[in-house]
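**Q** Return atomic coordinates for the entry below.
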Amino acid sequence: QVQLVESGGGLVQPGGSLRLSCAASGFTLANYAIGWFRQAPGKERERVSCISSSDGSTDYADSVTGRFTISRDNAKNTVYLQMNNLKLDDTAVYYCYAKAPWSRAYWGQGTQVTVSS
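**A** So this is what the prediction gives:
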């Protein structure tokens with residue numbers, strides 16, 4: 001069964017850090033481009049970061065550049081999103097997304113990140 005499972009969300013104070021994980025089962029993540037998206041209440045889903053399958057190049061939304069880092073561990077079939085210096089506006093449900101040119105897109109179920117003092 002093809003599945004993406006996010007974990008690592010939680011409640012954190014402003015300035016704190018979290019590391020999200022996106023674990024894949026049923027397919028090899030190394031062959032897929034991976035993205036992290038987030039959706040806050042009342043807002044549209046937005047792309048936060050992505051990492052390519054070919055050369056590992058990365059891309060970030062302006063709002064998270066310099067604070068978030070995406071990485072992948074192909075041996076563990078997992079992609080991570082390290083989030084530092086978290087801000088109130090980072091509060092959202094975070095989703096990971098996997099897509100290859102020959103495949104449909106896969107989405108995880110999401111993990112809640114709440115930044116609050």
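**Q** Tell me how far Gly108 lies from Asp55.
**A** 24 Å (CB to CB, to the nearest Å). Placement of C-beta: from N, CA and C, glycine included.
**Q** Neighbour count for those two, which is higher?
**A** Gly108 (21 against 7; other CB atoms under 10 Å).
**Q** isn't the more buried one right up against Tyr95?
**A** Yes: counting by CB atoms under 8 Å, Tyr95 is a contact partner of Gly108 at 5.5 Å.
**Q** Now the common contact residues for these two.
**A** Residues touching both Gly108 and Tyr95 by CB atoms under 8 Å, 6 or more residues apart in numbering: Glu6.
**Q** Is the closest residue to Thr78 other than its chain neighbours within a helix or a strand, and which one?
**A** Computed as CB to CB, 6 or more residues apart in numbering, the closest residue to Thr78 that is not its neighbour in sequence is Ala23, at 4.8 Å. Element membership of Ala23, judged by DSSP states H and E, is strand 18-25.
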